[in-house]
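[1] from the sequence below, what's the structure:
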Amino acid sequence: MRIVITGFAGFVSGYFIEYLEKNKIRSEILGIDINQSIRDYQNYEYSNVKFKQIDLLDTEVLEDLIYQFQPEYLLHLASYSSVGFSWKNPVLSFRNNINIFLNLMEIIRRISSSCRILSVGSAEEYGIFDETKLPLREEYPLQPLSPYAVARVSQENLSKVYSDGYGLDIIMTRSFNHIGPGQKDIFVISSFAKQLVDIKRGLKKEKKLITGDISIIRDFLDVRDVVDAYYKLLIDGQKGEVYNVCSGRGLQLSNIIDIFCSILNISVELEIDQGLIRPNENKIIFGANEKLKNTTGWENRIELNDSLRDIIEYWDGIV
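    Modelled structure (predicted):
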C-alpha cells in the first residue's frame, strides 16, 4: 500500500508503522509534518518510509509531493490536538486545523481523487449529553464546547462535503482519548505518570501531584488499539461514514491516579491547579464502539492496567 501520513512527527504515526511491520504489511510511506521527525525509519523490513518536512499550507510543494507519490491511502493525523491549547490560542488552533485539511482535500480532489482518506476527528465533537444518553453514539447530534471541538466538527462537515459533493473516498473517526508510552506530558495521563515517577525517584521535593479536575470521566484506549482501528477503517470502512474509536467504558481520573500509585507503591498529596480546569468542561465522555466492531471486526485487546504499566515504564526509562 502507498500511504501518506500527515502529522508524521506526532504520537500516533510511529505506532501505525510498527503495526504495519508487526502484521507484515508491505507499504510505501510518505510522512509529512511541519516539525522534524526524530524517529529512525530506515531499518524496517516491510515499510519503505520517506519523510518531508513541509507546511501543509504550502500548496505548491504539497501538490508536487502528492502528484509524485500518487497515494492509495491518506491517514490525516496532523492537528493541534490539545483542547487546552485551543482555549489559549483559539484563532491559531481553529485556522490551522481547518485550513490544513481543506488544502489537503483540494489537492487530493484535483490530482489523486481515487485516494482513500481517513479523517481523524475527536470525541470532543459530541459536547455534553445527559448520563442517561451514554454511551455516545455516532448518530447523536454534535454540540462542540471548545475551539478545538468546533474545528473538528468543521473538519467532519468538510469531509462529508468532499465525499458527497466531490465523490472523494473519505471515512471519518471520532477518536476518544488515546494513551500509551511516548505520549507528551501535556496530555493528562502522561502528565500524571511523569509526575508520579519523579516523585518515586525523589526528584520532586514535595509528594504532590498537580492535577486539574480529577472527577471527570473519560474513555481511554491504548494507542496500539487505536492504530489497529485506523488500519482496519482504511481497508474496510464505508465511504462517508463516521466511526467512534473508543474502549466503550469510562473511568474517572481519580481512579487512574489510584492505579498509578498502586503500580509505583507510593502515596501522594493532590494539588489542584485551577489553570488546568477548562471552561465548559464535559464531565463524562465515553462512547459506543459497536459500529466500528461490526464494520471491521476490530476488538480492543490491550487492558487499561497494561497500558498504564507501559506508560510508567516509559517515563521510568527517561533519564
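
[2] residues in contact with the helix or strand bottoming out on mean pLDDT in the chain: which ones?
    Within the chain, judged by mean pLDDT, DSSP states H and E, the helix or strand with the poorest mean is helix 83-88; its value is a mean of 83. Contact with helix 83-88 is made by 80, 93-94, 124, 146-149, 151, 186, 276, 278-279, as judged by Cβ atoms under 8 Å, 6 or more residues apart in numbering. All C-beta spots, glycine's among them, are computed from the backbone N, C-alpha and C.

[3] now these as TSV including pLDDT, secondary structure and neighbour count?
    Formatted as TSV, the entries for the contacts of helix 83-88 read as follows, by pLDDT from 0 to 100; DSSP: H, G, I helix; E, B strand; the rest coil; neighbours: other Cβ atoms under 10 Å:
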residue	pLDDT	secondary structure	neighbour count
80	85	coil	18
93	86	helix	23
94	89	helix	18
124	93	helix	25
146	89	coil	22
147	90	helix	21
148	92	helix	26
149	92	helix	23
151	94	helix	27
186	88	coil	11
276	85	helix	13
278	76	coil	16
279	78	coil	7
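
[4] out of those, which is nearest to residue 254?
    When the contacts of helix 83-88 are compared for distance to residue 254 (Cβ to Cβ), residue 276 wins out at 14.5 Å.

[5] so who does that closest one touch?
    When contacts are counted by Cβ under 8 Å, 6+ apart, residue 276 is found next to 84, 210-213.

[6] and the residues you listed, which are buried?
    Buried positions within the contacts of residue 276, assessed by neighbour count (16 or more other Cβ atoms under 10 Å), are 84, 211-212.

[7] and which of those is nearest to residue 252?
    Relative to residue 252, the closest of these is residue 211; by Cβ to Cβ it sits at 11.9 Å.

[8] how much space separates that closest one from residue 128?
    With distances defined as Cβ to Cβ, to the nearest Å, the gap from residue 211 to residue 128 amounts to 21 Å.

[9] next, count neighbours for the residue nearest to residue 213 when sequence neighbours are not counted.
    Take residue 213 and drop its neighbours on the chain: the residue closest to it by Cβ to Cβ, 6 or more residues apart in numbering is residue 277, 5.2 Å away. Under the neighbour criterion other Cβ atoms under 10 Å, residue 277 is assigned a count of 13.

[10] try the one 4 residues further on
    Using other Cβ under 10 Å, the number of residues around residue 281 comes to 14.

[11] other residues contacting whatever helix or strand residue 49 lives in?
    Per DSSP states H and E: residue 49 is located in strand 47-53. Contacts to strand 47-53, defined as Cβ under 8 Å, 6+ apart, come from residues 8, 17, 20-21, 26-37, 41-42, 65.

[12] among these, name the ones in strands.
    Cross-referencing these against strands under DSSP state E gives 27-33.

[13] which of those residues ranks first by neighbour count?
    residue 32 (29 neighbours).

[14] right, and it touches residue 54 too?
    Yes - because the distance of 6.1 Å satisfies Cβ atoms under 8 Å, residue 32 is recorded as touching residue 54.

[15] what do the two both touch?
    Overlap of the contact sets of residue 32 and residue 54 (by Cβ under 8 Å, 6+ apart) consists of 62, 65.

[16] many thanks, we can stop here.
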